[in-house]
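Peer 1: sharing a model that was predicted from the sequence below.
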Amino acid sequence: MKKFTLVLTICSIILIFAVVSFAGDEKTIYYRIKPVPKNDRTELAVSVKFKGVAGAPTKISLPTDCFGAGELAKYVVSITGAQKTSVEKGGKENERLVRAGNDGWVSLEYTMSFDPQIFDEYSYGPNVGQEYFHIAGCQFLLHVGDDDEMRPYEFEMRDIPAGWKPYSSFAPDADKFKLTTSYENLASGVIGAGKNSYDFKVRDKSVSVFIHGKYRIPDQKIYSAIERIVRLQRDWFNDYSQPFYRIVIAPRSGHVAGYAPANSFICFVKSDITELELNWLLSHELFHNWLGNKIRIERPPETSFIKYEWFTEGVNDYFARRILLEAKLITPQQFVDYINKDIINIADNPQRNKTMEELASAAKANQYGTAYRKLSYYRGGLLALKWDTELKGRNSGKTLSDFIRELYQIAERSGGKVKEQVLFDLARTYGFDLEKDLENHIVKGESITLLPDSAGSDYELRKREMPSFDPGFDLPQTFQSRKISGVVETGAAYRAGLRDGMEFVNIENSNRFANAWYADKPLVVTVKDKNTERRFEYFPHGAPLKLQLFERR
């Protein structure tokens, strides 16, 4: 018993010494994050320390998700004060009033436990498993003071499980780093750790790849493809300036999505994603490091962002495919298949001939859905192909790739921005009229006509018919009323057995222009009819589309 008492006494002395000797910078917020693996998830034990307000409580708010993944406060399973800091409920559910301890510092400890099943439906929500965790800044940071205030932060990951490697988009060394920034700037950045990772260097610059979860594609194939894409893109632009880069593949059922905080790319994908789908996503998003980030077209202030969305997304898409072709990650036939897919997608898009003014109006009215947004991808991809074909036909030795690389050099000299007139003038020196095509096909919404040899001498345009997408009932009204609505008696839904008034439960493969939509898979509608759930599977084929597609001679 005496020995046990002695140990407690020594511990108390050490604790008191630690409190007295803490002399942190009074403007800095200090975070310590400890991952704690559980049976189905990894919890985060977080401690935070900051200078309190003398003689008054400090109001703080619990984490709030900037990606729309619901209220996160309920996943803070505990929050307590340490070193005599007191914690009380605030006026709102996610608010707390905290009073500093005797040393004037607020010391808090809280645990976040995210349910992986609940967050599986949110593309960019917290992503946790037994052997990894991945979270955005907004998903674990407290709101302390003004979110826009620039102040020093210090982060440290402690007690990382054996075999795990930590990462962050904020600094090359995720174990411990400091930076001066605001909460708003930290919100979309990421931290994480996991068992499966792969490191390589490009011109002495570190690139790390993290794979969380299990996929149909072997890990080594993913690592190999990513390394080839990264190396080729940096060589393509002759740009090796990125100080470090982190790429994360994380699981999310039924999703194919990604975003790119500074120095990183994060993608959330379903376990059965194909190599073609994953490699396209990676090549497209990583190409944004230049087209969209380092090459930005300055449009007039009164002009909608839509004016150059075809450029940052559609032209980007075209070169993402070119990169995959050069890396031998797709075949020439698969490249042509992508062209045909753009042709089909435009023809099947109900917004296909919308003018820029009409698209901008839809965006202002909050109606700029997937069909509207993806139109820019298809238009830009076909315009890029059109111009590349025109340049090759001139036999000048110049290609659209040369044009983009020269545009990058111009942007690099002007802080990443390129004036509209500079873009138009450069295109004319190459021999194509970008300004005229922009007016006709983007501003006016006119159809894009491709030259017969656009896919190369081995292919020709042939007339084909393909079914249009028609679910056979009113999807928006059904989603709103939660009742099957507007079933067309001559349509596929009626033939499958769907009827107006059935209680709507769920639908699969219905988002025609989403990344995770498949033409070769049926649309699946689950309803409740007379208290019994029923599934209806059918192909949503409507009136035929009359097309001209590229086929091998």
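Peer 2: Perfect, I can see it now. Numbers count the residues shown, from 1 in each chain.

Peer 1: pull the distance from the longest helix anywhere in the chain to the chain's centre.
Peer 2: If you go by DSSP state H, the chain has its longest helix at helix 370-393. Relative to the centre of its chain, helix 370-393 is centred 22 Å away, using C-alpha atoms, centre = their mean, to the nearest Å.

Peer 1: and it, what's buried?
Peer 2: Using 16 or more other C-beta atoms under 10 Å as the burial criterion, the residues of helix 370-393 that qualify are 371-392. Yep, even glycine has a C-beta here, placed from its N, CA and C like the rest.

Peer 1: just the CA trace of that helix, in CSV.
Peer 2: Output of helix 370-393 as CSV, limited to C-alpha atoms (Å, rounded to 0.1, in the frame of the first residue of the first chain):
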residue,chain,number,x,y,z
THR,A,370,-25.5,17.1,-62.2
ALA,A,371,-26.9,17.3,-65.7
TYR,A,372,-26.2,21.0,-65.9
ARG,A,373,-22.7,20.7,-64.4
LYS,A,374,-21.6,17.7,-66.4
LEU,A,375,-22.5,19.5,-69.7
SER,A,376,-19.4,21.5,-69.3
TYR,A,377,-17.3,18.4,-69.1
TYR,A,378,-18.7,17.0,-72.3
ARG,A,379,-18.5,20.3,-74.2
GLY,A,380,-15.0,21.0,-73.2
GLY,A,381,-13.8,17.4,-74.0
LEU,A,382,-15.2,17.6,-77.5
LEU,A,383,-13.9,21.2,-78.1
ALA,A,384,-10.4,20.0,-77.1
LEU,A,385,-10.6,17.1,-79.5
LYS,A,386,-11.9,19.4,-82.3
TRP,A,387,-9.0,21.8,-81.8
ASP,A,388,-6.4,19.1,-81.5
THR,A,389,-7.6,17.6,-84.8
GLU,A,390,-7.5,21.0,-86.5
LEU,A,391,-3.9,21.6,-85.3
LYS,A,392,-2.7,18.2,-86.5
GLY,A,393,-4.4,18.8,-89.8
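
Peer 1: who are the packing partners of it?
Peer 2: Judged by 3 or more C-beta pairs under 8 Å, 6 or more residues apart in numbering; DSSP states H and E, helix 370-393 is in contact with helix 309, helix 316-326, helix 332-348, helix 356-364, helix 400-413, helix 434-437.

Peer 1: do you know which of these lies nearest Leu44?
Peer 2: Closest approach to Leu44 among the helices and strands packed on helix 370-393 (C-beta to C-beta): helix 316-326, 34.4 Å.

Peer 1: could you export the closest one as PDB, CA atoms only?
Peer 2: Only the C-alpha atoms of helix 316-326 are listed here, as PDB (Å, rounded to 0.1, in the frame of the first residue of the first chain):
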ATOM      1  CA  ASN A 316      -8.900  18.900 -68.200                       C
ATOM      2  CA  ASP A 317     -10.900  15.700 -68.800                       C
ATOM      3  CA  TYR A 318      -9.500  15.500 -72.400                       C
ATOM      4  CA  PHE A 319      -5.900  15.700 -71.200                       C
ATOM      5  CA  ALA A 320      -6.500  13.400 -68.200                       C
ATOM      6  CA  ARG A 321      -7.300  10.800 -70.800                       C
ATOM      7  CA  ARG A 322      -4.300  11.700 -72.900                       C
ATOM      8  CA  ILE A 323      -2.100  11.200 -69.900                       C
ATOM      9  CA  LEU A 324      -3.600   7.700 -69.300                       C
ATOM     10  CA  LEU A 325      -3.000   6.900 -72.900                       C
ATOM     11  CA  GLU A 326       0.600   8.000 -72.700                       C
END
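
Peer 1: quick one: buried residues of that helix?
Peer 2: Burial within helix 316-326, assessed by neighbour count using 16+ other C-beta under 10 Å, is assigned to 316-326.

Peer 1: can I get the residues you listed in JSON lines with distance to Thr449 and pLDDT?
Peer 2: JSON lines is the format used below for the buried residues of helix 316-326 (distance: C-beta to C-beta, whole Å; pLDDT from 0 to 100):
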{"residue": "Asn316", "distance to Thr449": "22", "pLDDT": "97"}
{"residue": "Asp317", "distance to Thr449": "19", "pLDDT": "96"}
{"residue": "Tyr318", "distance to Thr449": "17", "pLDDT": "98"}
{"residue": "Phe319", "distance to Thr449": "22", "pLDDT": "97"}
{"residue": "Ala320", "distance to Thr449": "24", "pLDDT": "97"}
{"residue": "Arg321", "distance to Thr449": "20", "pLDDT": "97"}
{"residue": "Arg322", "distance to Thr449": "21", "pLDDT": "97"}
{"residue": "Ile323", "distance to Thr449": "26", "pLDDT": "97"}
{"residue": "Leu324", "distance to Thr449": "26", "pLDDT": "98"}
{"residue": "Leu325", "distance to Thr449": "24", "pLDDT": "97"}
{"residue": "Glu326", "distance to Thr449": "27", "pLDDT": "96"}
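
Peer 1: list just the nearest of the residues you listed to Ala543.
Peer 2: Nearest member of those to Ala543, counting by C-beta to C-beta, is Asp317, at 27.5 Å.

Peer 1: confirm for me that Lys528 is in contact with Gly501.
Peer 2: No: the criterion here is C-beta atoms under 8 Å, and Lys528 misses it with Gly501 at 11.2 Å.

Peer 1: could you check how far Ala73 is from Gly213?
Peer 2: 27 Å (C-beta to C-beta, to the nearest Å).

Peer 1: quick one: residues contacting the nearest residue to Leu97 once chain neighbours are set aside.
Peer 2: In this structure, Leu97 finds its nearest non-sequential neighbour in Pro57, 4.1 Å apart by C-beta to C-beta, 6 or more residues apart in numbering. Remark: with contacts taken as C-beta atoms under 8 Å, 6 or more residues apart in numbering, Pro57 is in contact with 88, 97-99.

Peer 1: can you confirm Pro35 is in a strand?
Peer 2: Yes: Pro35 sits within a strand when classified using DSSP: H, G, I helix; E, B strand; the rest coil.

Peer 1: any idea what the closest residue in space to it that isn't next to it in sequence is bridged to?
Peer 2: Among residues not flanking Pro35 along the chain, Thr42 sits closest, at 5.0 Å (C-beta to C-beta, 6+ apart). Listed by DSSP bridges, the beta-bridge partners for Thr42 are Pro37.

Peer 1: do I have it right that Thr42 meets Phe133?
Peer 2: Yes: counting by C-beta under 8 Å, Thr42 does reach Phe133; the two are 4.1 Å apart.

Peer 1: overlap of the contact sets of those two?
Peer 2: By C-beta under 8 Å, 6+ apart, the residues touching both Thr42 and Phe133 are Pro35.

Peer 1: and the helix or strand where Val422 lies, what does it pack onto?
Peer 2: Taking DSSP states H and E as the criterion, Val422 maps to helix 420-430. Secondary-structure packing of helix 420-430 (3+ C-beta pairs under 8 Å, 6+ apart): strand 296-298, helix 400-413, helix 434-437.

Peer 1: now these in CSV, with distance to Ser485 and mean neighbour count?
Peer 2: Output for those, formatted as CSV (distance: least, C-beta to C-beta, whole Å; neighbours: other C-beta atoms under 10 Å):
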stretch, distance to Ser485, mean neighbour count
strand 296-298, 42, 16
helix 400-413, 46, 17
helix 434-437, 41, 16
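
Peer 1: out of those, nearest to Gln367?
Peer 2: It's strand 296-298; of the helices and strands packed on helix 420-430, that one is closest to Gln367 (C-beta to C-beta) at 24.9 Å.

Peer 1: now do whichever helix or strand comes after that closest one: everything it contacts.
Peer 2: Proceeding N to C from strand 296-298, the next assigned helix or strand is helix 309, under DSSP H and E. The contact list for helix 309 (C-beta under 8 Å, 6+ apart) reads 373, 376, 380.

Peer 1: show me where the stretch 401-550 of the chain has its helices.
Peer 2: In the stretch 401-550 of the chain, the helices defined using DSSP state H, counting those that start in this stretch lie at 420-430, 434-437, 475-481, 492-496.
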